[in-house]
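Colleague: just coords:
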C-alpha cells in the first residue's frame with residue numbers, strides 16, 4: 001500500500017469513527033425534540049380543553065379551526081422548504097410554535113373524551129409507535145418502496161376524510177380510521193429508517209446535521225399525533 005492509499009484509508013477510518021460518535025447523539029436529539037413537542041402539545045391542549053372561554057372561541061365555530069389548520073400547514077411547509085436558510089435556533093422556535101398551535105387545535109379532545117380514554121389511547125399509541133420506530137431503525141430491509149405506497153395511501157386517506165365530511169357515515173369513518181392506523185403505523189417505521197440513514201451520512205454534529213435531526217423529529221411527531229387521533233376513534237368510547 002502506497003502512502004496515498006494509506007492516507008485515504010486512514011481518513012476514511014477517522015470519518016467512520018467520528019460518525020459512530022455523533023450518530024447516537026443526533027438520534028437522541030431527534031427523540032428529545034419529538035418528546036418536547038408532544039409535551040408542549042399535550043399541556044396546551046389540556047389547558048385549551050379545560051377552558052370554557054377557549055372552547056367557545058376555538059371549537060364552537062369553524063373559522064378559528066380553519067385558520068389554525070392553515071397556520072400549521074404553513075409552518076410545516078416553511079420549515080421543510082427553508083430549513084437550509086434558517087438557523088438552528090430559528091428552526092427550533094418554529095417547531096415549538098407549531099407544537100403550540102397544534103395543541104390549541106387538539107384541545108377539543110379533552111373536552112370531548114374522558115381522561116381514562118385519552119390515557120389509554122396515549123399508552124397504546126406510545127407502545128405501537130415505539131415498536132415501529134425500533135423496527136424501522138433496526139431492520140435490514142429497505143423500506144423505500146413501502147414509503148411510496150404509504151404516501152399514496154395517505155393521499156387517499158385525506159380524500160376519504162374530506163368525502164366523509166359530507167357523507168357523515170359512521171361505518172365509513174370506522175373503515176377510514178382503520179386504514180389511518182395502518183398508514184401511520186407503517187409511516188413511523190419508514191420515517192425512522194429514513195432518519196437513521198440521513199443522520200448516518202452526517203460527517204459531524206454540526207448545525208446542518210442537527211437541523212436534519214429536527215426535521216426528523218417533526219416527521220415522527222406528526223406520525224405520533226396522527227396515529228393517536230385515529231386510535232382515539234377506537235379507544236375513545238368513554239366520552240365526557
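Modeller: Here it is on my side, so go on. Being a predicted model, the structure only gives us computed values, none of them experimental.
Colleague: which residues in this protein form helices?
Modeller: Taking DSSP state H as the test, the helices found in the chain are 3-49, 52-59, 62-82, 88-106, 108-112, 115-138, 144-167, 170-200, 207-235.
Colleague: Export those to JSON lines and append columns for mean pLDDT and mean neighbour count.
Modeller: Glycine gets a C-beta too; all of them are placed from N, C-alpha and C. Output for the helices of the chain, formatted as JSON lines (pLDDT from 0 to 100; neighbours: other CB atoms under 10 Å):
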{"stretch": "helix 3-49", "mean pLDDT": "75", "mean neighbour count": "15"}
{"stretch": "helix 52-59", "mean pLDDT": "89", "mean neighbour count": "14"}
{"stretch": "helix 62-82", "mean pLDDT": "92", "mean neighbour count": "13"}
{"stretch": "helix 88-106", "mean pLDDT": "96", "mean neighbour count": "19"}
{"stretch": "helix 108-112", "mean pLDDT": "91", "mean neighbour count": "18"}
{"stretch": "helix 115-138", "mean pLDDT": "94", "mean neighbour count": "16"}
{"stretch": "helix 144-167", "mean pLDDT": "87", "mean neighbour count": "13"}
{"stretch": "helix 170-200", "mean pLDDT": "92", "mean neighbour count": "19"}
{"stretch": "helix 207-235", "mean pLDDT": "94", "mean neighbour count": "21"}
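Colleague: tell me the phi and psi of residue 85?
Modeller: Per-residue torsions, residue 85: phi -100, psi -10 (degrees, to the nearest 10).
Colleague: ok, now residue 142?
Modeller: Backbone phi and psi, for residue 142 under degrees, to the nearest 10, turn out to be phi -80, psi 120.
Colleague: Give me the distance between it and residue 136.
Modeller: 11 Å (CB to CB, to the nearest Å).
Colleague: so how far is stretch 55-73 off the chain centroid?
Modeller: Mean-position distance between stretch 55-73 and its chain equals 21 Å (CA atoms, centre = their mean, to the nearest Å).
Colleague: typo on my end, stretch 134-153
Modeller: On CA atoms, centre = their mean, the centre of stretch 134-153 falls 15 Å from that of its chain.
Colleague: and the end-to-end length of it?
Modeller: End-to-end span of stretch 134-153 (CA to CA, to the nearest Å): 23 Å.
Colleague: Run through who's touching that stretch.
Modeller: Contact partners of stretch 134-153, identified using CB atoms under 8 Å, 6 or more residues apart in numbering, comprise 27, 179, 182-183, 186-194, 196.
Colleague: Pull the most distant pair out of these.
Modeller: 27 and 179 (29.8 Å; CB to CB).
Colleague: Please produce CSV containing the contacts of stretch 134-153, extended by distance to residue 113.
Modeller: Compiled in CSV, the contacts of stretch 134-153 are given as follows (distance: CB to CB, whole Å):
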residue, distance to residue 113
27, 33
179, 22
182, 22
183, 22
186, 26
187, 24
188, 23
189, 27
190, 29
191, 27
192, 28
193, 33
194, 32
196, 34
